[in-house]
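Enquirer: Quick one: sequence plus predicted model below, questions after.
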Amino acid sequence: NAGVTQTPKFQVLKTGQSMTLQCAQDMNHEYMSWYRQDPGMGLRLIHYSVGAGITDQGEVPNGYNVSRSTTEDFPLRLLSAAPSQTSVYFCASSTSSSYNEQFFGPGTRLTVL
Amino acid sequence: DAKTTQPTSMDCAEGRAANLPCNHSTISGNEYVYWYRQIHSQGPQYIIHGLKNNETNEMASLIITEDRKSSTLILPHATLRDTAVYYCIVRMITGGGNKLTFGTGTQLKVEL
């Protein structure tokens, strides 16, 4: 199993550009989440999904859209990038059991100029 | 989810036990204690979790006080590769899509 994969690893955008961060998992996990991590801080939840077709907002959802059309994929869309969105983005997945552990991807480092 | 308090940083000599404390005085009865760690620039990695009883796995031990208001993660024989930020997280047993609320964690530095 590849686990949780994220692409791209690095990205530089100009203010106002849009892009999609890709996340995929091959473990048939129901739950998937997107977090962002700013320097010196812990991770903050952006959006999450409890299954295909179901998404919900996390702590910091503004400026981001998600969809979950398949169990495997959970893309994160930046509609109009802003410098405040410069961060490292992590995708995670887990089963729906009560004792689940989350598996995290390697992260995407995004810089918005 | 209950808030947690951890020391900002700790040092440990290689080969010695690393004891990382966490205070979660407002934890409720339906919340687990989870520990994750993040090695520099990588995604967080699950270590262990518990509800009431002490837990042990191949990576670490988790000691939870009887009143559940604090816990300690023990790495029995720390190595240089254990240098990381360790996050103590309290999470509800069910619901919420497995959301995790990360604080700033404890930066553990293991030295020779």
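Expert: Perfect, I can see it now. Residues are numbered from 1 along each chain as shown, chains lettered A, B, ... in the order given.

Enquirer: The residue most central in space within chain A and chain B: what is the separation?
Expert: Nearest to the mean C-alpha position of chain A, by C-alpha atoms, centre = their mean, lies residue A:34 at 3.0 Å. Shown here: residue A:34 relative to chain B, a distance of 11 Å by C-beta to the nearest C-beta, to the nearest Å. For the C-beta atoms, the positions are set from N, CA and C on the backbone; glycine is no exception.

Enquirer: what's the helix or strand for residue A:40?
Expert: Under DSSP states H and E, no helix or strand contains residue A:40.

Enquirer: give me the number of residues near it?
Expert: Residues near residue A:40, counting by other C-beta atoms under 10 Å in any protein chain shown, number 6.

Enquirer: With residue B:11 instead?
Expert: Look at residue B:11: counted by other C-beta under 10 Å, it has 11 neighbours.

Enquirer: Where do the helices of chain B begin and end?
Expert: Under the criterion DSSP state H, chain B contains no helices.

Enquirer: near chain A, which residues of it show up?
Expert: Proximity of chain B to chain A, by C-beta under 8 Å from any C-beta of the partner chain, involves residues B:34, B:36, B:41-46, B:49, B:87, B:93-94, B:97-105.

Enquirer: Now restrict the residues you listed to buried residues only.
Expert: B:34, B:36, B:43-46, B:49, B:87, B:97-103, B:105 (16 or more other C-beta atoms under 10 Å in any protein chain shown).

Enquirer: contacting residues around residue 10?
Expert: If you meant another chain, say so; for now it's chain A. Counting by C-beta atoms under 8 Å, 6 or more residues apart in numbering or on different chains, residue A:10 touches A:108, A:109, A:110.

Enquirer: ah, no, chain B please
Expert: Contacts for residue B:10 (C-beta under 8 Å, 6+ apart) come out as B:18, B:20, B:106, B:107, B:108, B:109.

Enquirer: Perfect, I'm done here.
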